[in-house]
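Novice: My questions concern the predicted model and sequence given below.
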Amino acid sequence: MRRAAGLLALLLLCAPAFAGAQKPVRIASLNLCADELVLRLADPDKVASVTYLARDPRSSNVADLAKRVPVNRGLAEEIVPQAPDLVIVGAFTTRTTTAMLKHLGVPILELGVPASLEEAYAQIRTVADRIGEPARGEAMIAAMQQDFASLPPVPAHRASAIVLRPNGFTAGRGSIVDEILGRAGYENLAARLSTDRLGQLNLEEIVEAQPDLLVINGGADAPPSLADDLLHHPALAPFAVQGRTLSLPTRLWTCTGPELAQAAQRLAANRLAGTRIGMAR
């Protein structure tokens, strides 16, 4: 507490005057999903910094774009000297940093977690409008809508699927993943088994449910983790042997962007092929 108070006092002494410019000229991001929107919608010379996570291709869809701009680790003492006139934060951004920046009068835009494609489009529009690039935002939305519109027709009888994440977490009813599965022609079995948008299933529930497809949220280049143990449990091996698994990188549907449609396209292709697609890259 004492350290935080001392840091705030120091920042107050060093802080430049933050002007709420109509079109921001120095934008900082403190959230990976915000990073992706900022890097796609803003000119590089308008980006003060994004998080270091944006440069990691295992979790980021814009790793190459992130190499062109400075990075931060989400600390107020990094952001203040950059004198941004807009800082974009997310639902999981460190609250201490956000509170300090607000106290200093730094303009903040907070992004939530979209629960549907319409909410994702609205988020793109919000960011694009705030940074003064509405046309770029509309172009991104139009391209995504076109990609979703080009998906194969949804069959009358939909195959069932469960998305399995580390520690048994899954995407339940009312999540954007639930909508994407439906657009790709699958019934989200987890919507029946779990009432939460981010629910949790144990091994027995998954095996007993016997989904037609088990979507493993991971990637061939993902670092090992104890949380991933369930994804590789021997009890789930028959799904792989029978060609009933599909591995999708988590980054495809973690954030708002074109990759949401890519996830749907891969799922639809898997459904049409009726065979296993190997580890997605």
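Specialist: Sure, I can see it.
Novice: measure the nearest residue to I27 once chain neighbours are set aside to Y52 for me?
Specialist: Nearest residue to I27, sequence neighbours excluded (C-beta to C-beta, 6 or more residues apart in numbering): L86, at 5.0 Å. Using the backbone N, CA and C atoms, a C-beta is placed for each residue, glycine as well. Distance, L86 to Y52, using C-beta to C-beta, to the nearest Å: 20 Å.
Novice: Next, please give the residue ranges for the helices of this structure.
Specialist: Ranges of helices in the chain, per DSSP state H, are 2-14, 32-41, 63-66, 76-79, 95-103, 117-130, 134-149, 176-183, 190-193, 203-209, 237-241, 259-273.
Novice: Turn these into CSV, columns for mean neighbour count and distance to A48.
Specialist: Converted to CSV, those look like this (neighbours: other C-beta atoms under 10 Å; distance: least, C-beta to C-beta, whole Å):
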stretch, mean neighbour count, distance to A48
helix 2-14, 11, 16
helix 32-41, 25, 10
helix 63-66, 18, 13
helix 76-79, 20, 8
helix 95-103, 17, 12
helix 117-130, 18, 15
helix 134-149, 15, 19
helix 176-183, 23, 29
helix 190-193, 21, 40
helix 203-209, 14, 44
helix 237-241, 14, 45
helix 259-273, 20, 25
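Novice: for these, which one sits closest to I162?
Specialist: The closest of the helices of the chain to I162 is helix 190-193. By C-beta to C-beta, the value is 5.1 Å.
Novice: Identify the residues contacting that closest one?
Specialist: 162-163, 170-173, 178, 199, 201, 205, 209 (C-beta atoms under 8 Å, 6 or more residues apart in numbering).
Novice: sorry, back to before: could I get the helices of the chain as a markdown table with distance to G218 and mean pLDDT?
Specialist: Compiled in a markdown table, the helices of the chain are given as follows (distance: least, C-beta to C-beta, whole Å; pLDDT from 0 to 100):
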| stretch | distance to G218 | mean pLDDT |
| --- | --- | --- |
| helix 2-14 | 37 | 48 |
| helix 32-41 | 17 | 98 |
| helix 63-66 | 18 | 98 |
| helix 76-79 | 31 | 94 |
| helix 95-103 | 29 | 91 |
| helix 117-130 | 22 | 98 |
| helix 134-149 | 23 | 98 |
| helix 176-183 | 14 | 96 |
| helix 190-193 | 17 | 86 |
| helix 203-209 | 15 | 90 |
| helix 237-241 | 13 | 88 |
| helix 259-273 | 13 | 96 |
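Novice: ok now do Q265, which residues does it touch?
Specialist: 147, 151, 184.
Novice: surely the first one meets G257?
Specialist: It refers to D147. No - with contact defined as C-beta atoms under 8 Å, D147 does not count as touching G257 (11.2 Å).
Novice: Find the nearest non-adjacent residue to L53, please.
Specialist: L32 (4.7 Å).
Novice: just to revisit the earlier point, turn the contacts of helix 190-193 into JSON lines, columns for distance to V47.
Specialist: As requested, the contacts of helix 190-193 are arranged in JSON lines below (distance: C-beta to C-beta, whole Å):
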{"residue": "I162", "distance to V47": "38"}
{"residue": "V163", "distance to V47": "32"}
{"residue": "T170", "distance to V47": "35"}
{"residue": "A171", "distance to V47": "31"}
{"residue": "G172", "distance to V47": "35"}
{"residue": "R173", "distance to V47": "37"}
{"residue": "D178", "distance to V47": "33"}
{"residue": "G199", "distance to V47": "36"}
{"residue": "L201", "distance to V47": "39"}
{"residue": "E205", "distance to V47": "44"}
{"residue": "A209", "distance to V47": "45"}
